[in-house]
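> any chance you can model this:
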Amino acid sequence: MAAIGIALLLVASIVTLVMLFTLGDTASAPEVTLDLPAQFAHPDPLAYEPGRTDDYERAAAFGLSQVLFEKSPGGVLRAAERTAHFRDEVERAVAGGTDADTVEAIVFLESAGRQDVIAGDDPENASGLTQILAETATNFLGMSVDLEASRRITHLLNDALRRGDEAEADRLRSERRKIDARFDPEQALAGTVRYLAKARKVFGRDDLAVVSYHMGIGNLAGVVRAYTGREDEPVDAVVRDAAIDYARLYFDSSPIVHRASWELLASLGDDSQTYYWRYLGALAIMHLFRSDRARLEVLAKLQDDLPSAEFVLHPPGGRGRFGDRRQLERAIARGVLVPVMSDRRAHFAIDPQLGRIAARMSDDPTTYEALRPRALRLLAYIAEKVYELSREPRPLAVTGAAYDRQASATLALRDPAPEADARAHATGFAFDIRRRYGSGAQAAAFQWTLERLEALGLIAWTRGRSVIHVVVSPRAGGS
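Residues are numbered from 1 along each chain as shown. Modelled structure (predicted):
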């Protein structure tokens, strides 16, 4: 891939949100940001670079924070407000031990500040302000949980809520807090602090302790051992001697290298492997909620409009969009846009349908088969990586590239969001890939590549009915 000349940058995006946090006394306390301030110089952006933990953490906090904006109940600002309501209780729970910002971010991530929430209908599942499993509460944290009584009261509480009987619902909530400590915020927070302290002793690091809160101590220990191949030594010694942090475990585990640890991470299947990056995003959100709420509101507006971060990468109304066919033609003549050429050696090709539509709209079909140079380089990289992983000879089919706003009604696939797609395509930084693959291996390799590039903050992407819509960072591809 070095011959392709890809030198992908992780540098400042549109919104400048730089925040500094610390986690206890760990030497690798992350500088948390929802921005992209670092450059990774390796020609393969998915190749791990040792010694860049802070840069990986900043990138992943940005790249994987969109879900916090999209799925926070009532919106991210309301979730932050609910979470901040418990700050005094958090301060008392940590009592100078675990960092209060850490516990507060976990509250935001686990419950969005809702002390009575249950994962599903059964309080055996994760429940309460910090979403503790009943088994973990009783067997690991020494919390008092009468599960059968909690189930009975929860059933009655749900009935009261359906009837609109708020007085009875409040009485039942109070009763449940007495028999199930997880629904008592003070006890839930104390339990979370105990868990983090126990996990810190096992791993010797705060970042791994936080990861284990969702993944489980045993699961994370298995990942560490699979990564290092050291099965019989204490985990904290393995972590210390091999200089393991979570950025290394995540970004250096893949289908190509350290496959055993990657398979373990992938097998968890409940977003456990991305929990730490979302936690860093929650840290940043809570800090911004207190320090610059107006800026958080702007970011929330950009994140909320779409199921990806493409408006953060390319805010609507920004400059650099092509308004009509002549602007596209001039951009191609100046080299601002370059044609996407079908070349089987590059493992991607223009879908014939796009070629037919483009031919009806212009004497030169390549007018609507072009991209910004850095977007084209990233497309070439994705296609090459997918081939490397899957060995599938069938090329990825490009169904959409740059087009002007006037042509959007004809070229937009209305999948997944026509207005948003049109605005992104008018920048020259967006392309669509048809969801019709040569094999399951190719589909899996494509998804893995997209997920990792998103974690590095280099792209935003969404899955539609018939296409994968990819938007490239404006600063993600060199010159």
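
> ramachandran angles for the spatially most central residue of the chain?
Among the residues of the chain, Leu64 comes closest to the average C-alpha position under C-alpha atoms, centre = their mean, at 1.9 Å. Torsion angles at Leu64 (phi, psi; degrees, to the nearest 10) stand at phi -110, psi 20.

> and for Ala359?
Backbone torsions of Ala359, given as degrees, to the nearest 10, read phi -70, psi -30.

> could you pull out the helices in the stretch 201-350 of the chain for me?
For the stretch 201-350 of the chain, applying DSSP state H, counting those that start in this stretch gives helices covering 206-215, 217-228, 235-241, 246-251, 259-268, 275-291, 293-304, 310-313, 325-334.

> so for Pro50, which of those sits nearest?
Pro50 lies closest to helix 246-251 among the helices of the stretch 201-350 of the chain, at 7.3 Å (C-beta to C-beta). In this view, the C-beta of every residue, glycine as well, is placed from N, C-alpha and C.

> returning to what we had before: skipping adjacent residues, who's closest to the residue nearest to the centre of the chain in space?
In space, and not counting its chain neighbours, Leu64 is closest to Trp277: 4.3 Å by C-beta to C-beta, 6 or more residues apart in numbering.

> report pLDDT for that neighbour.
The predicted structure scores Trp277 at 96 on the pLDDT scale.

> and for it, the neighbour number?
25 (other C-beta atoms under 10 Å).

> same question for the one 3 residues further on.
Counted by other C-beta under 10 Å, the residues lying close to Leu280 total 28.

> cool, and Ser390?
23.

> and it, what does it touch?
Applying C-beta atoms under 8 Å, 6 or more residues apart in numbering, we find Ser390 in contact with 439, 441-442, 444-445.

> same question for Leu450.
With contact taken as C-beta under 8 Å, 6+ apart, Leu450 is in contact with 382, 459, 461, 468, 470.

> can I assume the fourth one sits in a helix?
Read that as Ile468. No: counting by DSSP: H, G, I helix; E, B strand; the rest coil, Ile468 falls outside a helix, being strand.

> quick one: contacts for the closest residue to it other than its chain neighbours?
Of all residues not flanking Ile468 in the chain, Ile433 sits nearest, at 4.6 Å (C-beta to C-beta, 6+ apart). Residues near Ile433 by C-beta under 8 Å, 6+ apart: 348, 396-399, 446, 467-468, 470.

> which stretch of helix or strand covers Ile433?
In the assignment (DSSP states H and E), Ile433 maps to strand 430-434.

> the helix or strand following that strand: how far from the chain's middle?
The helix or strand immediately downstream of strand 430-434 is helix 440-455, counting by DSSP H and E. Taking the mean of its C-alpha atoms, helix 440-455 sits 14 Å from the chain's own mean (C-alpha atoms, centre = their mean, to the nearest Å).

> just checking, which helix or strand succeeds helix 440-455 along the chain?
Proceeding C-terminally, helix 440-455 gives way to strand 459-463 as the next helix or strand, assigned by DSSP H and E.

> give the pairing partners of that following strand; include direction for each.
In the sheet, strand 459-463 lines up against strand 467-472 (antiparallel) (DSSP bridges).

> which parts of the partner strand are buried?
For strand 467-472, the neighbour count (16 or more other C-beta atoms under 10 Å) marks 467-472 as buried.

> likewise for stretch 238-252?
238-239, 244-252.

> now do stretch 346-353
Those would be 346-351, for stretch 346-353 by 16+ other C-beta under 10 Å.

> also stretch 182-189?
Judged by neighbour count (16+ other C-beta under 10 Å), stretch 182-189 contains these buried residues: 182-185, 187-189.

> same check, this time on stretch 281-290
Within stretch 281-290, the residues that qualify as buried are 281-289, counting by 16+ other C-beta under 10 Å.

> next, Gln406: phi, psi?
Dihedral angles (degrees, to the nearest 10) for Gln406: phi -70, psi -30.

> check it and give its pLDDT.
We have a pLDDT of 76 for Gln406.

> ok, it - contacts?
Neighbour list for Gln406: 323-325 [criterion: C-beta under 8 Å, 6+ apart].

> swap in 7 Å and give it another go.
323-324 (C-beta atoms under 7 Å, 6 or more residues apart in numbering).

> also Asp236?
Shown in contact with Asp236 (C-beta under 7 Å, 6+ apart): 202-204.

> distance to Asp88, pLDDT and neighbour count for these - can I get that in JSON lines?
Formatted as JSON lines, the contacts of Asp236 follow (distance: C-beta to C-beta, whole Å; pLDDT from 0 to 100; neighbours: other C-beta atoms under 10 Å):
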{"residue": "Val202", "distance to Asp88": "30", "pLDDT": "97", "neighbour count": "19"}
{"residue": "Phe203", "distance to Asp88": "29", "pLDDT": "98", "neighbour count": "25"}
{"residue": "Gly204", "distance to Asp88": "30", "pLDDT": "97", "neighbour count": "18"}
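
> just give me the closest of those residues to Leu265.
Of those, the one sitting nearest to Leu265 (C-beta to C-beta) turns out to be Phe203, at 15.6 Å.

> how about the closest one, what does it touch?
209, 212, 235-236, 239.

> tell me how far it lies from Ser261.
15 Å (C-beta to C-beta, to the nearest Å).

> with Ala445 instead?
18 Å.

> go on, Thr83?
With the distance defined as C-beta to C-beta, Thr83 ends up 32 Å from Ser261.

> who has more neighbours, the two?
Neighbours per residue (other C-beta under 10 Å) separate Thr83 from Ser261, with Thr83 holding more: 27 against 22.

> out of everything not next to it in sequence, what's closest to that one?
Gly113 (3.8 Å).

> tell me which element the one you found is part of?
Using DSSP H and E, Gly113 is not contained in any helix or strand.

> can you pull the contacts of it?
Gly113 is in contact with 79, 82-83, 85-86, 107, counting by C-beta under 7 Å, 6+ apart.

> quick one, grab the pLDDT at it.
Confidence at Gly113, expressed as pLDDT, is 98.

> how far away is it from Thr192?
Gly113 is 14 Å from Thr192, by C-beta to C-beta.

> and if you look at Glu175?
Counting by C-beta to C-beta, the gap from Glu175 to Thr192 is 23 Å.

> between these two, which is the more surrounded one?
Remark: of Glu175 and Thr192, Thr192 carries more neighbours, 26 against 16, as counted by other C-beta under 10 Å.

> for that one, give me the pLDDT.
pLDDT, Thr192: 98.

> how close does it sit to Leu283?
Thr192 is 15 Å from Leu283, by C-beta to C-beta.

> please consider this matter closed, and thank you.
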